[in-house]
Every structure is written in structure tokens, then in C-alpha cells.
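> Need the 3D shape of this:
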Amino acid sequence: MAREYPIEKLRNFGIIAHIDAGKTTTSERVLYYTGKTHKIGEVHDGDTTTDWMEQERERGITICSAAITCYWNPSYMPKGDLSKKVMFNIIDTPGHIDFTAEVKRSLRVLDGAVVVFDGVAGVEPQSETNWRYADEGNVPRICFINKLDRTGGSFERSYQSILDRLTKNAVRMQLPIGEESNFNGIIDLLTLKAYYFDGEMGDQIRIEEIPADRVEEAKKYRAMLVEKIVEQDDKMMAEFFEGKEPSIDELKVVLRKATIANKIVPVLTGSALKNKGTQLMLDAVVDYLPSPLDIPPVKGVDPRNGEIVMRSASDEEPFTALAFKLQTDPFVGQLTYFRVYAGTIKSGVYIYNSTTGERERLGRVVRMQADQREDLEIVYAGEIAAAVGLKNAKTSHTLCDEEQPIQLDQIKFPEPVINLKIEPKTKADQEKMGYALKKLSDEDPTFKIKSDAETGETVIMGMGELHLDIIVDRMKREFNVEANVGKPQVAYKETILGEAEEEHKYIKQSGGKGQYGHVKIIIKPLPPIVEGEKVKKNVKRTEHFEFIDSIKGGAIPQEFIPAVEKGIIESMERGVVAGYKMVNISCELIYGSYHDVDSSELAYKIAASMAFQDAAKRAKPVILEPIMKVEVITPEKFMGDVTGYLSSKRGQIEEMTERGMNKVVRAKVPLAEMFGYATSLRSMTEGRASFTMEPDHYDVVPPNVAKEIIEARK
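Numbering: from 1, shown residues only. You can find the predicted model right below:
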């Protein structure tokens, strides 16, 4: 069966932004203009296609990323000419920091991104976080400055915030004609034409000459744009300095290469709500964002021998895909979203999961349209689809050809910073709660569950109060589980600042076979990972723990070494200061002994655990707390109250800037001090200030605060 669209006519891109910048509104226009829907849904009406969950429609925010497929014939093509039609796989992502995992995993499998900015606020905190995720994945992007029709909207101020806070490679591709209530069109700097969007839905594009009073300004910015483009190509630059003006088509070719290489970020503008500029943004996606052929081959490891394997985007290559999202569907059960990097896959065949080493039957393959499904017979290289019937595949697992296996890099997710205790209301809810929590934690890698060993209570952990609130709400609605929840608590951690050596023998004789385990270890703070550094054979390293096996001459038989490591990892789960999980520790096993008859895995595990606990108590143990990046937007007259309050909460004020008539305060504040801040801020600013916060890093708790935490734990 032949491809519906050649691979070069495929664009996989995400729409990412800070909360309330207009991502979902933009997505709705995309669906309407591409002919996927015949009515534009609005967030404020609760009838959008991509925000399909009940919680999303009630709250007017995106919680879950939604995948949609549509087809676009560029607006500059003749109406009847479908030869240039392009297939879009779009993922609309959440903007709230609590659901940041959705953005991270989406950017891992997408080839490009449209970053939407609020034309009044410019770059906001989550814009920076999303930009950082895109940088980590080397994802090419274009910027869309939205909401220029709003009071206070300013293209130049928003553009300047992109240059100052995100990248110096941003370049204007368009200028607005008018701003705020006078915003009525867009100047395209490449073609030097004015675009107006007529008709009730803005679907009739009218192209005219630039208004006379804007010609000089447009020419000035076009010259800057052309200069930036020709700098990317030596031959074009030489011809340009000889006086030869490159054609628009030539400029587009070089601009496309530079955008894909992340050397230029085109900046566009418009107002999605007022139906202005979306079609030109889609044209830019076609012209400048990559197809799967434009991105480098995906790199993985052959699980059989550890050798590096490369797979390029071709239907002829061995099948290679990454599962990036799980979703529970009430009609078909679990859906596993995957991106095919190479090869093809048909429904009804067996596939190999190289992460688990298992074969599984792929029941059906579907193309997702938010919460709707469309059955497919075959999925080709470069495409995104969902599988029905995979029971053991999880987020980050590699699906591939069993004869030529490959393991792709796993997606790294941020650690939870907040937790709360939860208990079922009735005995009937008890069994259902375990099942519901398991399903929800499979879907969301930033949602974790653990049992408190001392009290037997269930503790759930997440990225913020809203995150856990949504989880509890979903348990009630989707799984019919009623639960009582405690107050949110900070997810503290522990670590060590010093070094300690400890030896422990575990000997137990009780008649017959005894127990004997003897280990000597050194623990110290985990050194930072150096990029490109090769890990030695005797070292096992994860993000927060390193185990070094330095046993010489078989002092401890090889089969007992994993038990030592396991004992230490289990011991790290309960810290020595206040019982919190320990992180960022390097442990070296340097010596030990064994008994021919009595040595066992259990004995070494217990010996290692006890040695670690004793060593940790002498290695300057400390408690770590999550520090949040906080941004407060307030009228100037409340500035003193806002900064004074943050300082009193152990906050460090980092920057104070202006945004329109308001002041912006940026600070780093411990999460423990931020509970109830929304109420305090409202009361001190007459309800006129707002704030956003997101996790930044973990830091050592001051001694006086640590004392309070330890007392509370007792």
C-alpha cells in the first residue's frame, strides 16, 4: 500500500507556550483553515477540539497534550492546485508548569515547534522552560506573537523580550499593521506586501501594497532580514556584496536551512482569536520547519552488543519507533502513542519491545484526532500514531524489529516537588484506588506513588497542587474512586556534603545454615556528569546515584555485588536526617569477605544497607528543598509590599522589570513558603496582581528550618 503523502510533504510539529498565550485558540484556527472542522471552537465556550477532557473544558486550560492530523494547501498556491498539499501531525501541549511532562515528551518526538507568545506579556516563565526543552532536543522553531488585538499588545516589546530572554537568532518576518483595537493586517517583509483577512472567519486573504506611511519602516526591517539570511550562505553573501539581490525563492531556501539548523528563528505575528495571521503561520511551517528527511538519523544502541546504531527516516529501514505517551481510553482501553523513526508497521503484527525484551501483538493502529480515532492499516516512517492492545509498553520504551533491535534514548522527566497523603473512603474504593493510581502513574511519568513504610499510608507525588488536584478529580470521574486527601506537603530530599568510610559485617547463626555478609564502602557527593565522558566498566551511574565496584581478587564473589548495590539503593529511600529519600550520592565498594557456606544475597544486602546508614550519618547529611522560580506581575504602588513579602519568605529577588503599566518581580523562593501565596497576594494588592511559579532546583535547607522539619517528622 503506497504512502498517502510523500515523506517530504510531512510536518510533525507542536504548538507550545506559557499558559493563556493562545495555543488552543491557535490550534482551533489551524483545524478550521485546514478543513478539519467546520466550526471554530473557543476555550471560553468549552467546545474546543483539542481540549476534550471535562477538566480542561471546565477550567479553560490544557492539561493533556492532544494529537491531530490535518492537511494544508499553502495559501500562496493556486486554489485548485493540490500538488503542494502538506500533511500536518500537530500536538497541542499544555502551558501550565504542573503538566510540563506533556511538553517534554512531545518535543522529544516532534521535528519542529511553533512557539506562541502573548503580545502583551511577551516571554513568560513557562515560555523559557519550553524553550529550554526545545534547545535540549535541538528542535527547530518559529515564533508567533499572538493577541496583538488586546489592550497593551506590542509586537516590538514582545520581539525584544524574545531577543533578551530566549535567543539572539530571532528575526522579524512580519510587522503588524496597527496594534490593540486598530490591529487589522500584517506586512510580510520578504514579499513587501500587506495581508488583510476578510470574511467573518478571516478566511479570505486580501493582498495589497503596504500602507504609504509604513513603506520606509518595512524596507529598513527587510534589509535587516535579508542581511541575516545571506550571512548563512557564503556564495549568496559574496554575490550580495557585489550588488546582486537574491530572489525571494533563493532567500527562502537559505532561510529554511538556517531555521532547521537553529541558526535563525523566524518571528511572525497575528491574533488567532480575531482570525488574523494563522494561515501565514501555516505557510511558514511548510516553508521553514523540517520534514522527517531534514532531521539527522535517530541514534540508538544495539542491546545485543552495546554498539551505536543509526536509523534514517526511510520506509526501507528496519522498523524503529518510540512510545512517548500512554492514555486510557474508555472505549478501547490503553492507547500507546508512538513516533515511527524508520521502517513501517502494520496492524495485527507482533512487535519487539527492546526496553523490556518482550514481544507483543499490535492489535490495531489508529490515527488520533484529539479524543477521536481513525483506523489505519499501516504506519510509515516519520508518522505519529497510537497502538491499541500493547499491555507492557510504557513511556520511553523502544518498539522495533526483533531481528535488528535498537534501543533509543529514554525521555528524562523532572522529579515531583509536592506530595499528599490519600486514602480510600470505603473498603470498596480500596481495590479500585490501587488500579486507578497505577493507570494514572503509567500515563504520567511525573506522577509517583509510594507507601509510607512507617504509617502504611499511600502518598502521591506530583509537580504542583493543581497537578494532584486533577489526578484526584480524574480518579473520581474516570475510575469512580472516592478518596480523602491530606494537605499538600513539600517533597524534601536528603544528600551528603562530606565523605565517609564504613565497614559492616552481618553475621547470624541460628543453627544450621547461617548468614554472612561483609562489606566496606566509601560514600561521597556525586560528582557532576561531564558531557562526552565515558563511563568506566566498573561504574553504574544514574542521574542521582553512582555505584563503583572496586573489589579486587574476588574478595566478594561477583554474584553478590548486585545485592550490595540493591541494599544501598533501598537504604537511600529512607534518609538519615528526617527519613526523606537520599539523592546525589556516589558509593564505592572497596573491600569485603565471604563465607563458603553462609554467604547469601540477603546477608550482603543487609550489610550494605547498615554500612550505608552508618556512613551517611557521618558524611555531613543535609535536607534539600525545592526552590521555585516565581514571577509576580503587580501595579507599581504594591511593589514594596510584594518584594517585602517575598523577602520575608526566604525569597531572593533576582530582577525587577516593567511590562506595560505593571512591574514584574522575578525571584527564587522555597516551595514550603509558597503555600497559600495566591490568597496573600490577592489581599495585599486588592486582587490586581498575579503570579506564576515553576520548579527551578533543589537547595540545602537552613539549619533553623531543618530543625523544624525534623521535629515535624518525629
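> use CA for all of it now, contacts and neighbours both
OK.
> Break down the stretch 201-350 of the chain into its strands, ranges please.
Assigned by DSSP state E, counting those that start in this stretch, the strands in the stretch 201-350 of the chain fall at 204-208, 265-269, 298-301, 308-311, 320-329, 333-342, 345-346, 350-353.
> Could you check how far residue 189 is from residue 381?
Using CA to CA, to the nearest Å, one gets 35 Å for the distance from residue 189 to residue 381.
> of these two, who's got more company?
Comparing residue 189 with residue 381 by other CA atoms under 10 Å, the one with more neighbours is residue 381, at 26 against 21.
> Pull the contacting residues for the nearest residue to that one once chain neighbours are set aside.
Excluding the flanking residues, the one nearest residue 381 by CA to CA, 6 or more residues apart in numbering is residue 342, at 4.7 Å. Going by CA atoms under 8 Å, 6 or more residues apart in numbering, residue 342 touches 311-321, 380-382.
> With adjacent residues omitted, what lies nearest to residue 485?
residue 422 (4.4 Å).
> mind listing what the one you found touches?
457-460, 483-486.
> so which strand or helix has it?
strand 418-424 (DSSP states H and E).
> quick one: strands adjacent to that strand?
Strand 418-424 pairs in its sheet with strand 458-462 (antiparallel), strand 483-485 (antiparallel), strand 489-490 (antiparallel), by DSSP bridges.
> before we move on, back to that, any of the contacts of residue 342 buried? List them.
Neighbour-count burial (16 or more other CA atoms under 10 Å) applied to the contacts of residue 342 gives 311-315, 317-321, 380-382.
> if we can go back for a sec, what's across from the residue nearest to residue 381 in the sheet?
With DSSP bridges as the rule, residue 342 is bridged to residue 320.
> looking at it, residue 86 is touching residue 286, isn't it?
Yes. Applying CA atoms under 8 Å, one finds residue 86 in contact with residue 286, separated by 7.3 Å.
> So between those two, which is more surrounded?
Neighbours per residue (other CA under 10 Å) separate residue 86 from residue 286, with residue 286 holding more: 23 against 20.
> what pLDDT does that one get?
Predicted confidence (pLDDT) at residue 286: the value is 91.
> returning to what we had before: overlap of the contact sets of residue 86 and residue 286?
With CA under 8 Å, 6+ apart, residue 86 and residue 286 have common neighbours residue 11.
> before we move on, back to that, closest to residue 714 out of the strands of the stretch 201-350 of the chain?
With CA to CA as the measure, strand 320-329 is the member of the strands of the stretch 201-350 of the chain nearest residue 714 (38.9 Å).
> what ranges do the helices span in the stretch 601-714 of the chain?
Assigned by DSSP state H, counting those that start in this stretch, the helices in the stretch 601-714 of the chain fall at 601-618, 639-648, 677-684, 703-713.
> swap in the stretch 251-400 of the chain?
Under DSSP H, counting those that start in this stretch, the stretch 251-400 of the chain gives helices at 278-288.
> residue ranges with poor pLDDT in it?
Under the criterion pLDDT under 70, the flagged ranges of the stretch 251-400 of the chain are 330, 370-371.
> 50 instead, please
For the stretch 251-400 of the chain, no stretch has pLDDT under 50.
> Just checking, which helix or strand of the chain averages the lowest pLDDT?
helix 54-59 (a mean of 54; mean pLDDT, DSSP states H and E).
> And the contacts of whichever helix or strand comes after it?
Sequence order places strand 66-72 as the next helix or strand after helix 54-59, per DSSP H and E. Strand 66-72 has contacts (CA under 8 Å, 6+ apart) with 31, 34-36, 50-51, 85-93, 282, 367-371.
> In helices, which of the residues you listed fall?
Among the contacts of strand 66-72, DSSP state H puts 31, 282 in helices.
> Filter the contacts of strand 66-72 down to the ones in strands?
86-92, 367-369 (DSSP state E).
> With distance to residue 688 as extra columns, can I get the residues you listed in TSV?
Shown next, in TSV, are the ones in strands among the contacts of strand 66-72 (distance: CA to CA, whole Å):
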residue	distance to residue 688
86	45
87	44
88	41
89	40
90	36
91	34
92	30
367	44
368	41
369	39
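> Quick check: the residue nearest to the spatial centre of the chain vs residue 559, distance?
Centroid-nearest residue in the chain: residue 104, 1.6 Å away (criterion: CA atoms, centre = their mean). Distance, residue 104 to residue 559, by CA to CA: 38 Å.
> Ok, residue 378 next?
On the measure of CA to CA, residue 378 and residue 559 end up 46 Å apart.
> Who has more neighbours out of the two?
residue 378 (17 against 10).
> Quick check: closest non-adjacent residue to the more buried one.
residue 346 (4.3 Å).
> list the contacts for the one you found?
365, 377-379.
> out of those, which is most surrounded?
residue 365 (25 neighbours).
> That residue contacts residue 377, doesn't it?
Yes. With contact defined as CA under 8 Å, residue 365 counts as touching residue 377 (6.9 Å).
> Now do the shared contacts for those two.
With CA under 8 Å, 6+ apart as the test, residue 365 and residue 377 both reach 346-347.
> what about residue 380, distance to residue 359?
Counting by CA to CA - residue 380 and residue 359 are separated by 20 Å.
> Can I get the helix or strand containing the residue nearest to the centre of the chain in CSV, CA atoms only?
In this structure, residue 104 is located in helix 100-109 according to DSSP H and E. Provided in CSV are the C-alpha atoms of helix 100-109 (Å, rounded to 0.1, in the frame of the first residue of the first chain):
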residue,chain,number,x,y,z
THR,A,100,5.4,20.1,31.9
ALA,A,101,5.9,16.4,31.2
GLU,A,102,3.4,16.6,28.3
VAL,A,103,5.6,19.3,26.7
LYS,A,104,8.9,17.4,27.3
ARG,A,105,7.7,14.1,25.8
SER,A,106,6.0,15.9,22.8
LEU,A,107,9.2,17.8,21.9
ARG,A,108,11.1,14.5,22.1
VAL,A,109,9.2,13.1,19.1
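> What lies in contact with that helix?
Residues contacting helix 100-109 (CA under 8 Å, 6+ apart): 14, 16, 64-65, 91, 93-94, 113, 130, 133-134, 137, 139, 322, 324-325, 339, 411, 413-414, 444-446.
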